[in-house]
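**Student:** this one's sequence-less:
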């Protein structure tokens, strides 16, 4: 963005001394903001490399005096991270598959197949967006219990197909694909299923990638709902396990706590840094459109 | 992909030459088959809970002995519970704080960052980075930041200020939570505003400058009005979101100290999972649904008069 020739300020503005001072203060403010944003994250990382005494000393140092890389293996063994990781990945993959299969097919059908009553069905799905989620969180739990789904992965996989927001995102995307592509496929003898699998899905990689990132961050971050639905330890997701055994731990070395927190933070930050252009574009697009 | 080609194909697509012979049902068989799973799942996992929410609020829920109808008893019970009124007050206080502390930050930040000539991309990434930090990490991180011997008090003590227990002191706890959440979430709102600010045509500023408008007037009369709709939308979304908040309050303080961070949604959760009174919890949920729908209707009406 540095290539645009002017913003609110022009170059002649910046030659006036008062504007120069204000602009300088603004840049300083942004610098303070950047430091405030990065400091707690870096502090978590460095605290995880300190000795326990150093973490508890006051006032805190930023850089560790000794770099204790052994904290990582200690943190890795503190709780059964691989098992919780596996549960989280299972939920992520299942949710993604359900979204692509159930919501993808439905939004494709609504968008491109001209079924009768599609406006009614569309409305039926979209209505759920206007009902505040926390007003039915308890009946939702009771409902899962009555269906006998508690403590199973199905309690995550099946409801993953009931997201009106993801449905809307996909329908908007399919609406943007030219219908003539599907007309041509039909003339060539493709069935509806073939049109979806062979044409719509390959064209929709960007929207599926956006959804994959959303679903990943939900699966990775959500700690409260899984702690209600899964009540045996070997089914906990990573976030739930961290909440129960690390955040609420009473007697635990602070440095190891930070090592574990840092390890949990790495994958989402890594995903973000790799796909940052793509993610930031979809954040601003999803809101401007919605 | 020329537009004329589409325009020519469109009427043909609707005239359905083969459709006359096969029945309408058979023709759309695949279309319906594609939608069917979604409809079943939406009914089973969204509409049933929503409707059950209304039904259960009139029942005592007992998983062993079965549910019994109790009329308006649940509503009477929650309306006589002083905690409910504390929770309503706390939720309003929390919503007020998020507006005072948090709402303006992304607007100012987006305008400032849009004016950066260098490192604009870096500032954007840095602002958004906390948003990808998982909630549980956030709680552990900030519990330590706010600690009486943590970095914030370290900074304060270098100015000679007495240590403050930001979390366990009831006067500070809600403010601390709002500050923490602002730190985490303003980046995503900032990106949305930034997209709006950057889409304002540069010529408008050029023209205003030639007409003698100063920098402040350009922001006041061009930038802010251009993103006004976005600001209103974000405000409504924030009100809807913050009125239902409970996770940070639950994770950091469990509603304490002395119920100062007990929000309405947290009380719903506590009714259900601490007292196992699912009936009263759904009654609270219904009351919240009614209030939010009325607000939504009001907003809709006001919007209609606007245009």
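**Tutor:** Great, that's in hand. Remember, predicted model here, so these are calculated numbers, not experimental data.

**Student:** tell me the pLDDT at the closest residue to residue B:77 other than its chain neighbours?
**Tutor:** In this structure, residue B:77 finds its nearest non-sequential neighbour in residue B:280, 5.5 Å apart by C-beta to C-beta, 6 or more residues apart in numbering or on different chains. C-beta coordinates here come from the backbone N, C-alpha and C atoms, glycine included. pLDDT for residue B:280: 91.

**Student:** Who are the contact partners of residue B:280?
**Tutor:** Shown in contact with residue B:280 (C-beta atoms under 8 Å, 6 or more residues apart in numbering or on different chains): B:74, B:77, B:78, B:271.

**Student:** Check the burial of the closest residue to residue A:110 other than its chain neighbours by counting its neighbours.
**Tutor:** Excluding the flanking residues, the one nearest residue A:110 by C-beta to C-beta, 6+ apart is residue A:118, at 5.0 Å. Applying other C-beta atoms under 10 Å in any protein chain shown, we find 16 residues neighbouring residue A:118.

**Student:** quick one: contacts of stretch B:55-69?
**Tutor:** Contacts for stretch B:55-69 (C-beta under 8 Å, 6+ apart): A:138-139, A:142, A:145, B:70-75, B:277-279, B:282-283, B:285-286.

**Student:** Same check on stretch B:33-51?
**Tutor:** Stretch B:33-51 is contacted from outside by A:101-103, A:105-106, A:108-110, A:113, A:115, A:121, A:124-125, A:128, A:131, A:136, A:139-140, A:142-143, A:147, A:158-159, A:161-162, A:164, A:167, A:192, A:196, using C-beta under 8 Å, 6+ apart.

**Student:** Drop anything exposed from those.
**Tutor:** Applying 16 or more other C-beta atoms under 10 Å in any protein chain shown to those, the neighbour count classes A:102-103, A:105-106, A:108-110, A:113, A:115, A:121, A:124-125, A:128, A:131, A:136, A:139-140, A:142-143, A:158-159, A:161-162, A:164, A:167, A:192, A:196 as buried.

**Student:** Show me the residue at the heart of chain A, geometrically.
**Tutor:** Among the residues of chain A, the one closest to the centroid is residue A:217, at 2.4 Å (C-alpha atoms, centre = their mean).

**Student:** for chain B, what are the low-confidence residue spans?
**Tutor:** Applying pLDDT under 70 to chain B flags residues B:1-24, B:304-307.

**Student:** residue ranges of the strands in it, please?
**Tutor:** If DSSP state E is used as the criterion, the strands of chain B fall at B:59-60, B:68-69.

**Student:** Quickly run through the sheet partners of the last one, with directions.
**Tutor:** The partner list of strand B:68-69 in its sheet, established with DSSP bridges, is strand B:59-60 (antiparallel).

**Student:** pLDDT-wise, which helix or strand of chain A ranks last?
**Tutor:** helix A:276-289 (a mean of 71; mean pLDDT, DSSP states H and E).

**Student:** on that earlier part again, okay if I get the contacts of residue B:280 as a markdown table plus neighbour count?
**Tutor:** Below are the contacts of residue B:280 laid out as a markdown table (neighbours: other C-beta atoms under 10 Å in any protein chain shown):
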| residue | neighbour count |
| --- | --- |
| B:74 | 25 |
| B:77 | 17 |
| B:78 | 23 |
| B:271 | 26 |
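
**Student:** ok, of these, which one's closest to chain A?
**Tutor:** Nearest to chain A, judged by C-beta to the nearest C-beta, of the contacts of residue B:280 is residue B:271 at 8.1 Å.

**Student:** for the spatially closest residue to residue B:133 that is not a sequence neighbour, what are its contacts?
**Tutor:** Closest residue in space to residue B:133, ignoring its immediate chain neighbours: residue A:265 at 5.8 Å, by C-beta to C-beta, 6+ apart. Counting by C-beta under 8 Å, 6+ apart, residue A:265 touches A:41, A:44, B:133, B:134, B:137.

**Student:** pLDDT value on residue A:265, please?
**Tutor:** With respect to pLDDT, residue A:265 scores 94.

**Student:** Ok, the one 3 residues further on next?
**Tutor:** The per-residue pLDDT reported for residue A:268 equals 93.

**Student:** which stretch of helix or strand covers it?
**Tutor:** Here residue A:268, judged by DSSP states H and E, is contained in helix A:254-274.

**Student:** Enumerate the positions of that helix that are buried.
**Tutor:** Going by 16+ other C-beta under 10 Å, helix A:254-274 has these buried residues: A:254-265, A:267-269, A:271-272.

**Student:** Report the contact partners of residue B:262.
**Tutor:** Contacts for residue B:262 (C-beta under 8 Å, 6+ apart) come out as B:83, B:86, B:87, B:90, B:249, B:255, B:256, B:270.

**Student:** Give the PyMOL command for selecting the buried subset of those residues.
**Tutor:** Only the buried members of the contacts of residue B:262 enter the following PyMOL selection, criterion being 16+ other C-beta under 10 Å:
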select buried, chain B and resi 86+87+90+249+255+270
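
**Student:** what's near enough to touch residue B:133?
**Tutor:** Residue B:133 touches A:41, A:265, A:268, A:269, B:141, B:184, counting by C-beta under 8 Å, 6+ apart.

**Student:** which one of those is nearest residue B:165?
**Tutor:** The shortest gap between residue B:165 and any of the contacts of residue B:133 belongs to residue B:141, at 17.2 Å (C-beta to C-beta).

**Student:** Any figure for the gap between the closest one and chain A?
**Tutor:** The gap separating residue B:141 from chain A is 5 Å, by C-beta to the nearest C-beta, to the nearest Å.

**Student:** List the contacts of that residue.
**Tutor:** Going by C-beta under 8 Å, 6+ apart, the list of residues near residue B:141 reads A:40, A:41, A:43, A:44, A:261, B:133.

**Student:** Kindly report the same for residue A:149.
**Tutor:** Counted by C-beta under 8 Å, 6+ apart, residue A:149 has contacts A:155, A:158.
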